[in-house]
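Participant: got a structure for you, letters missing:
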């Protein structure tokens, strides 16, 4: 089985994030594999171990993303590909999907896995856009998948409920939280990852011109959410608390 995983280098939202001039400051920031993409990597490895074949992880980014690709290789992926977008001044999900399409259009993938969303942008567009460009079936927010006889039976999250669907391969799916528990890279895996192939491609290698993949959107502003104010504890009898709560909702929260 020919399995590809799309992953993204994102900043760790558990760490302090600083924004200056409308951009996240990378100096001092911690970068990781997008957590939803880790679910995709893990599921790809499970499918490979069950059905045979190989897992290739692919990212669109710059040289720094090699670290996250090596982490995926240490988890157990067989190959990695970095599509270098250094020549692209501004990028968005359209850019990423277009570059991935240029790479994957001739690869005869059986399954492509991606994260449901990226924790930095949160658009959830890259996977569906790529599937449309490749003209293959897509199923999003999956929490379970089994493959047999060229078909996949999939359980997907639908706003607090579940839906079971069946789709034929080739297929693109996006991983939702709950699909699995991603493994940690082992020491032997980390050592092996150093010798596994990591291919770096630029726009010329993909026969793509910059204007063909330039961003379709413009970022107007980037800012951190406002700091949360301290909560208040209401004292007294229940009826007194209710009166005070209503008063605060009117005067301070201004929601009624």
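Facilitator: Good, I have the coordinates. The shown structure was predicted, so the numbers you read here are calculated from the model rather than taken from an experiment.

Participant: what about the strands in this structure?
Facilitator: For the chain, applying DSSP state E gives strands covering 2-6, 9-11, 19-20, 23-24, 31-33, 54-61, 79-84, 111-115, 137-148, 151-158, 161-168, 171-175, 198-201.

Participant: Make a markdown table out of those and add mean pLDDT, distance to residue 182 and mean neighbour count.
Facilitator: Backbone N, C-alpha and C define where each C-beta goes, glycine included. What follows is these, written out as a markdown table (pLDDT from 0 to 100; distance: least, C-beta to C-beta, whole Å; neighbours: other C-beta atoms under 10 Å):
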| stretch | mean pLDDT | distance to residue 182 | mean neighbour count |
| --- | --- | --- | --- |
| strand 2-6 | 97 | 12 | 23 |
| strand 9-11 | 91 | 15 | 20 |
| strand 19-20 | 80 | 28 | 10 |
| strand 23-24 | 76 | 24 | 12 |
| strand 31-33 | 93 | 9 | 20 |
| strand 54-61 | 97 | 13 | 23 |
| strand 79-84 | 97 | 17 | 21 |
| strand 111-115 | 97 | 11 | 28 |
| strand 137-148 | 97 | 14 | 18 |
| strand 151-158 | 96 | 17 | 17 |
| strand 161-168 | 96 | 21 | 11 |
| strand 171-175 | 97 | 10 | 26 |
| strand 198-201 | 96 | 20 | 15 |
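
Participant: Out of those, which gets nearest to residue 216?
Facilitator: Comparison of the strands of the chain against residue 216 by C-beta to C-beta identifies strand 54-61 as nearest, at 15.3 Å.

Participant: what's the angle from that closest one to strand 2-6?
Facilitator: 30 degrees (axes from the mean of the first three to the mean of the last three C-alpha atoms, to 10 degrees).

Participant: helices or strands next to strand 54-61 in the packing?
Facilitator: Counting contacts by 3 or more C-beta pairs under 8 Å, 6 or more residues apart in numbering; DSSP states H and E, strand 54-61 packs against strand 2-6, helix 35-51, helix 66-75, strand 79-84, helix 93-104.

Participant: Next, the angle from it to strand 111-115.
Facilitator: Going by the same axes, to 10 degrees, strand 54-61 makes 40 degrees with strand 111-115.
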